[in-house]
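Student: Predicted model and sequence follow; I will ask about them next.
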Amino acid sequence: MQAPSVGGVMLPRGNGQTVRLSRGASLTDFAEKINANPASLVGVMMNLGEMVTATQSVSDETLKLLADEMNFVLEIVSPEEEDRELLESFSIEFGEDEGGEEMLVSRPPVVTVMGHVDHGKTRLLDAIRKTNVVAGEAGGITQHIGAYQVATEVNGEERAITFIDTPGHEAFTAMRARGAKSTDIAILVVAANDGVMPQTIEALNHAKAADVPIVVAVNKIDVEGADPTKVRGQLTEFGLVAEEYGGDTMFVDISARQGLNIEQLLEAVVLTADASLDLRANPEQDAQGIAIEAHLDKGRGAVATVLVQRGTLRVGDTMVAGDAYGRVRAMLDDKGENVEEATPSTPVLVLGLTNVPGAGDNFLVVDEDRTARQIAEKRAARERNAAFAKRTRRVSLEDLDQVLKAGLVQDLNIIIKGDASGSVEALESSLLQLDVGDEVDIRVLHRGVGAVTESDIDLAMGSDAIVIGFNVRAAGRAAQMAEREGVDVRYYSVIYQAIEEIEAALKGMLKPEYEEVELGTAEIREVFRSSKLGNIAGVLIRSGEVKRNTKARLIRDGKVIAESLNIEGLRRFKDDVTEIREGFEGGINLGNFNDIKIDDVIATYEMREKPRG
């Protein structure tokens, strides 16, 4: 098979050779890998009916199309793999304990509380921490991931347990999945009166995918209709068999509201950890771990809750978390007190980062500020390219002229600002999953943590975007600027309220759809000829009603003879009327159309706008 040529220039043929590219790569990146001229690849794409520039980030599908055409095998490098390669280039080993067995010391288990919404996850954490989190939550839904450390006594020895509090609403599925990956043990909370619910199964699947042991907390045993035995039976179907039934899963019946059996639950967590996990880490190496949550604090700047997984994090260390970096200015524990260092499995609030990392981003400590900046910048560039590729609409040459005709495809442009990166990310992913048909598309132009600023309003003005503030408001002159320029800024504190309103706005952007509604049928009994009006049908209305100025079609022997006729005249005896109902006789004039015969049927209809479901 001959290699493709563009403008007489022969292009290299892959012969099944593998090309590795990162998500959001451009044709220039592809050209470098195969030693070709980027302009010639633009030509190949044009031949394939795709309009792509040489430096534009393109989607995985577009890259695959090009690779297939040139007989290369495309391998898209996952962000995790790319990150590992990036760190290896700086001689950093992420995710591994340095040194031998003798360097490893015991660390507390990290626990995630999962389960269906309203089954009492937050109240359980509340009972464990003896603080009130529920009261401060909009709509009773946990909006952010937090992390807390508690102590319990097992066999006369005090043991620490770290809890990661993952939100319960389904929009936070991505964050909850990350929560499970950063965890050692999952507590599955199931209400004794409700039993297993859809999110219970979802949470269970996350825990199984992350391969973590599960302890089941059967909550609300004090509520009417509570049946802990039924819960044990239901969970047996999903492979969780209680110890009392001969299985290896510990079930503890609790009441978070009354604080019943909380100590027994903590003991079950420690015993499960001791029985099935080897929880050790090297506290002497440079710290590594995960950013659980992050937000922008008015007085303190970017603040991130991080969980140290190995090594010890100290004040003054230079760290990189996702595409943020900086020197640790201060650290606070879960009680708000300053600490100088954090050992493995300890969650702390870190101050001093340049910007807000994403929930679930890995963090690591490096020797030099310059190394930290380079890693952060490369990560940011990778994120940006992937986002551009995801946002790019594929337009082929065939439908380019249609797309350019205004209105065939509409975009609802959105800018999202929120109080924490996890919430912003969850809201973005929920909005991008909204689907109301092919005519309207959502584009998230920008998302960030912090108040709505003037630059957000500028961007919204230039792109007719709606600005969403999630638990944040417009800062400084941004509010007046938005009002003056007519930019739509909407504020929300509960995630599904935002989703519902945006979905309604999307449906409002759709062009109205019309459906045909039959009004009535009339059978022609007689044909009258008029020199002034042409042929007039003497009819009997068989069904419904016939109205003047509506559309009609003529049916003869079951076949449609004429379409889109108009009922121009309607008479009963000598009077002009606007409608004739079923069972009555009258005269119908179809305007210029005169080909009517006895026994023909005139069917009338109108087009009505269909409500969007």
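Tutor: Okay, I see it.
Student: To what extent is residue 488 buried, counted in neighbours?
Tutor: 12 (other CB atoms under 10 Å). For every residue, glycine as well, the C-beta is placed using N, CA and C.
Student: and the gap between the nearest residue in space to it that is not next to it in sequence and residue 216?
Tutor: Closest residue in space to residue 488, ignoring its immediate chain neighbours: residue 466 at 4.8 Å, by CB to CB, 6 or more residues apart in numbering. Counting by CB to CB, to the nearest Å, the gap from residue 466 to residue 216 is 43 Å.
Student: Those two: which is more packed in?
Tutor: Higher neighbour count among residue 466 and residue 216: residue 216, with 26 against 17, using other CB under 10 Å.
Student: where does the more buried one land in three-state SS?
Tutor: Per DSSP: H, G, I helix; E, B strand; the rest coil, the secondary structure class of residue 216 is strand.
Student: Settle this for me: it is touching residue 247, isn't it.
Tutor: No - taking contacts as CB atoms under 8 Å, residue 216 lies outside contact range of residue 247: 10.6 Å.
Student: Common neighbours of these two, please.
Tutor: residue 240 (CB atoms under 8 Å, 6 or more residues apart in numbering).
Student: and residue 517, bridged to which residues?
Tutor: Beta bridges link residue 517 to residue 606 when assigned by DSSP bridges.
Student: For it, list the residues it contacts.
Tutor: Contacts for residue 517 (CB under 8 Å, 6+ apart) come out as 605-608.
Student: Where do the strands of the stretch 451-600 of the chain begin and end?
Tutor: Ranges of strands within the stretch 451-600 of the chain are 466-470, 489-492, 513-530, 534-547, 551-556, 559-566, 569-572, 575-576, 579-581, 585-589, based on DSSP state E, counting those that start in this stretch.
Student: outside of the first one, which residues touch it?
Tutor: Among residues not part of strand 466-470, those counted as contacts by CB under 8 Å, 6+ apart are 412-419, 423-424, 427, 451-452, 456-457, 460, 482, 487-493, 495, 498, 502, 505.
Student: What's the ChimeraX syntax to select whichever of the residues you listed are buried?
Tutor: The ChimeraX command for the buried members of these (criterion: 16 or more other CB atoms under 10 Å) is given here:
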select :412,413,414,415,416,417,418,419,423,424,427,451,452,456,457,460,482,487,489,492,493,495,498,502,505
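Student: And stretch 205-218, what's buried?
Tutor: Across stretch 205-218, burial judged by 16+ other CB under 10 Å covers 206-207, 210, 212-218.
Student: swap in stretch 425-433?
Tutor: Within stretch 425-433, the residues scored as buried using 16+ other CB under 10 Å are 425-428, 430-431.
Student: mean confidence score for it?
Tutor: Averaged over stretch 425-433, pLDDT sits at 84.
Student: Check stretch 101-114 too.
Tutor: The model assigns stretch 101-114 a mean pLDDT of 88.
Student: Please apply the same query to stretch 338-356.
Tutor: Average pLDDT, stretch 338-356: 91.
Student: Give me the distance between the two termini of it.
Tutor: 21 Å (CA to CA, to the nearest Å).
Student: Show me which positions of that stretch end up buried.
Tutor: Result for stretch 338-356 [16+ other CB under 10 Å]: buried residues 339, 341-356.
Student: what do you get for stretch 543-561?
Tutor: Within stretch 543-561, the residues scored as buried using 16+ other CB under 10 Å are 544, 546-548, 550-552, 554-555, 561.
Student: shaky segments in the stretch 101-250 of the chain?
Tutor: 130-145, 166-181 (pLDDT under 70).
Student: can you check the stretch 401-550 of the chain too?
Tutor: Within the stretch 401-550 of the chain, the segments meeting pLDDT under 70 span 401-410, 436-440, 507-513.
Student: which residues of it fall in helices?
Tutor: Counting by DSSP state H, counting those that start in this stretch, the stretch 401-550 of the chain has helices at residues 421-432, 454-463, 478-485, 495-509.
Student: could those helices be laid out in CSV, adding distance to residue 126?
Tutor: Listed next are the helices of the stretch 401-550 of the chain as CSV, based on distance: least, CB to CB, whole Å:
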stretch, distance to residue 126
helix 421-432, 20
helix 454-463, 35
helix 478-485, 36
helix 495-509, 21
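Student: These: which one's closest to residue 160?
Tutor: Of all the helices of the stretch 401-550 of the chain, helix 421-432 sits nearest to residue 160, with 24.5 Å by CB to CB.
Student: CA atoms only for that closest one - export them in PDB, please.
Tutor: C-alpha atoms of helix 421-432 as PDB (Å, rounded to 0.1, in the frame of the first residue of the first chain):
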ATOM      1  CA  SER A 421     -11.900  22.600  43.800                       C
ATOM      2  CA  GLY A 422     -13.900  19.400  44.500                       C
ATOM      3  CA  SER A 423     -17.200  21.200  44.300                       C
ATOM      4  CA  VAL A 424     -16.200  23.000  41.100                       C
ATOM      5  CA  GLU A 425     -15.100  19.800  39.500                       C
ATOM      6  CA  ALA A 426     -18.200  17.900  40.500                       C
ATOM      7  CA  LEU A 427     -20.500  20.700  39.200                       C
ATOM      8  CA  GLU A 428     -18.500  20.800  35.900                       C
ATOM      9  CA  SER A 429     -18.800  17.100  35.300                       C
ATOM     10  CA  SER A 430     -22.500  17.100  36.200                       C
ATOM     11  CA  LEU A 431     -23.200  19.900  33.700                       C
ATOM     12  CA  LEU A 432     -21.200  18.300  30.900                       C
END
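Student: Could you report the distance from the residue nearest the centre of the chain to residue 444?
Tutor: The centre of the chain sits closest to residue 429, judged by CA atoms, centre = their mean, with a distance of 1.7 Å. Noted for residue 429: a distance of 10 Å to residue 444, by CB to CB.
Student: ok, now residue 92?
Tutor: 32 Å.
Student: Show me what the helix or strand encompassing residue 348 is packed up against.
Tutor: Secondary structure assignment for residue 348, by DSSP states H and E: strand 347-353. Here strand 347-353 touches strand 146-154, strand 301-310, strand 318-321, strand 324-332, going by 3 or more CB pairs under 8 Å, 6 or more residues apart in numbering; DSSP states H and E.
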